[in-house]
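*Asks:* with the input below, show me the fold.
(4 chains)
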Protein chains: 2
Amino acid sequence: MRENPPGEERILRAALQRFAVDGLSAPLRRVAEDAGVSAGLIIHHFGSRENLLRLCDERALEVTRREKSTLLTGGSGELLVQLAQAEEYAPLAGYVLRRLQDGGPLAAQLVEDFANATEDYLAEGERAGSISPSRDPRARARVLTEMALGALLLQLPGRGDTLDLAELPTWMRQHTQRMVAPLLELYSIPLLTDRSMLDAYLASDTEENT
Amino acid sequence: MRENPPGEERILRAALQRFAVDGLSAPLRRVAEDAGVSAGLIIHHFGSRENLLRLCDERALEVTRREKSTLLTGGSGELLVQLAQAEEYAPLAGYVLRRLQDGGPLAAQLVEDFANATEDYLAEGERAGSISPSRDPRARARVLTEMALGALLLQLPGRGDTLDLAELPTWMRQHTQRMVAPLLELYSIPLLTDRSMLDAYLASDTEENT
DNA sequence: CCAATGACTGAACGCATGTATAGCGTAGTG
DNA sequence: CACTACGCTATACATGCGTTCAGTCATTGG
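*Replies:* Predicted coordinates for the structure are as follows:
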């Protein structure tokens, strides 16, 4: 089955999956067991647990970046949802979620990437006329991305609890389905009935820069 | 100083603070040290580490609920921001953040509470005419809250890193300041240029329920 | 055929952690 | 004063972790 690739690659895949399921603090011995390998071998190959994590991070970043261009990106973390659907990429999507949950520099990097993708997506929509222009497209993309990913995180099982990879796609679909109605409303009908607050803020903002 | 209260209360406060600073996985011995107490005593009083966490949760929930009515709640997690400003409540606000980061049932409970507060806040604005009515006010409040809190979480230091309570207020102010411009724009000018997507969704939605 | 290389294992080490236990000192009570 | 109750400490114990180490086995290159 999937046990073909020997050595490091097999370990890396097992790690990705186990970290996704049990969280990033899953013990090395558990990863070793999954890979059908001794704990010592992991150290032998990767040097340390921290290094294994780093390798997982690299893989995650690499794959998301590669798949980003393949998939029709729906912006705002839809990328992750689509990745999870892909079956083969479910462990990786789970790992990314766990990593976002855990914070740290890679989480920031991932958010950055997603935000950039969202910015492109919005710019395209803007050219097509379906998306409103923004005073600060970059900031808008960041905020939208952070909110989308953050809402996803809040729904994630806790650090101690396990994340069922088999149900990940279903789970994510339900999440987006739960959000889509309020979001469409929010994006179509202004939450605020008039522009007075925005104008007031803009006024005070430009005033400061004089 | 703040070392007056003896016994359990002193331990609880130390725990709240230490967990806020170092994360919920901070060792018991560290909490004990902060409280000027032996680790055994914590067990003696609280039975187990898990129980101490539970007590912290209760305290957190209790205080946020109590202060909710006191503060002018700005909805969408602004409550937390205001709590953190209060100096005395900074550790508690930090603990709440850590708890949200960690997930689990209390996190869900907290989100629920915040969502309810937001719903009330929006309803009030709706009565005053400043907030648009919604097809599903409850769902809208939930989505807004999850997004606001989630975005906050993504900005939080990682599990391993420490959270500086002294800088919490500043940090949170910066966060809101970074969000306010894009959010006001988003809430004042529809992101989508026309209602076609919303209408299409609503059509397909009612169609399913026939 | 032999030596060397490298994947790989099993046991062990050192450390940190939660918790149990035995005992100490002191305040309150008869 | 004797006794008890209790806050509290110090130590010990068990467990689980990352990592180290000595050595085994197979493959390969001379």
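*Asks:* and the residue in chain A that DNA strand C sits nearest to, what element?
*Replies:* Of all residues in chain A, residue A:40 sits closest to DNA strand C, at 2.8 Å by CB to the nearest atom of the strand. C-beta here means a position set from N, CA and C on the backbone, and glycine is covered the same way. Following DSSP states H and E, one finds residue A:40 within helix A:39-46.
*Asks:* worst-scoring helix or strand of chain A, pLDDT-wise?
*Replies:* Confidence across the helices and strands of chain A bottoms out at helix A:78-85, with a mean of 77, counting by mean pLDDT, DSSP states H and E.
*Asks:* how about the helices in chain A?
*Replies:* Residue ranges of the helices in chain A, as given by DSSP state H, are A:8-22, A:28-35, A:39-46, A:49-70, A:78-85, A:90-102, A:105-128, A:137-155, A:168-188, A:196-208.
*Asks:* low-confidence ranges, chain A, go.
*Replies:* For chain A, the stretches flagged by pLDDT under 70 are A:1-6, A:69-77, A:209-210.
*Asks:* what's the angle between the helix holding residue A:40 and helix A:28-35?
*Replies:* In this structure, helix A:39-46 runs at an angle of 90 degrees to helix A:28-35, with axes from the mean of the first three to the mean of the last three CA atoms, to 10 degrees as the basis.
*Asks:* re the thing from before, make a markdown table from the helices of chain A and add distance to residue B:191 and mean neighbour count to it.
*Replies:* Written out in a markdown table, the entries for the helices of chain A read as follows (distance: least, CB to CB, whole Å; neighbours: other CB atoms under 10 Å in any protein chain shown):
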| stretch | distance to residue B:191 | mean neighbour count |
| --- | --- | --- |
| helix A:8-22 | 32 | 21 |
| helix A:28-35 | 42 | 18 |
| helix A:39-46 | 44 | 16 |
| helix A:49-70 | 22 | 15 |
| helix A:78-85 | 15 | 21 |
| helix A:90-102 | 23 | 24 |
| helix A:105-128 | 8 | 18 |
| helix A:137-155 | 8 | 23 |
| helix A:168-188 | 4 | 18 |
| helix A:196-208 | 14 | 12 |
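*Asks:* adding distance to residue B:172, write those helices out as JSON lines.
*Replies:* Rendered in JSON lines, the data for the helices of chain A read as follows (distance: least, CB to CB, whole Å):
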{"stretch": "helix A:8-22", "distance to residue B:172": "30"}
{"stretch": "helix A:28-35", "distance to residue B:172": "37"}
{"stretch": "helix A:39-46", "distance to residue B:172": "38"}
{"stretch": "helix A:49-70", "distance to residue B:172": "28"}
{"stretch": "helix A:78-85", "distance to residue B:172": "27"}
{"stretch": "helix A:90-102", "distance to residue B:172": "20"}
{"stretch": "helix A:105-128", "distance to residue B:172": "18"}
{"stretch": "helix A:137-155", "distance to residue B:172": "15"}
{"stretch": "helix A:168-188", "distance to residue B:172": "24"}
{"stretch": "helix A:196-208", "distance to residue B:172": "18"}
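*Asks:* residue B:132 is nearest to which of the ones you listed?
*Replies:* Relative to residue B:132, the nearest member of the helices of chain A by CB to CB is helix A:168-188, separated by 8.7 Å.
*Asks:* so what touches the closest one?
*Replies:* Outside of helix A:168-188, the residues within contact range by CB atoms under 8 Å, 6 or more residues apart in numbering or on different chains are A:78, A:80-81, A:84-85, A:87, A:90, A:93-94, A:151-152, A:155, A:164, B:134-136, B:139-140, B:142-144, B:186, B:190-192, B:194-195, B:197-198, B:201, B:205.
*Asks:* residue contacts, the residue of chain A found nearest chain B?
*Replies:* Distances from chain A to chain B, computed as CB to the nearest CB, single out residue A:150 as the nearest residue at 1.9 Å. Residue A:150 makes contact with B:146-147, B:149-154, according to CB under 8 Å, 6+ apart.
*Asks:* interface residues of chain A facing DNA strand C?
*Replies:* Residues of chain A found near DNA strand C (CB under 7 Å from any atom of the strand) are A:6-7, A:36-41, A:44-45.
*Asks:* can you pull the residues of chain A lying near DNA strand D?
*Replies:* Looking at DNA strand D, the residues of chain A close enough under CB under 7 Å from any atom of the strand are A:27-30, A:39-40, A:43-44, A:48-50.
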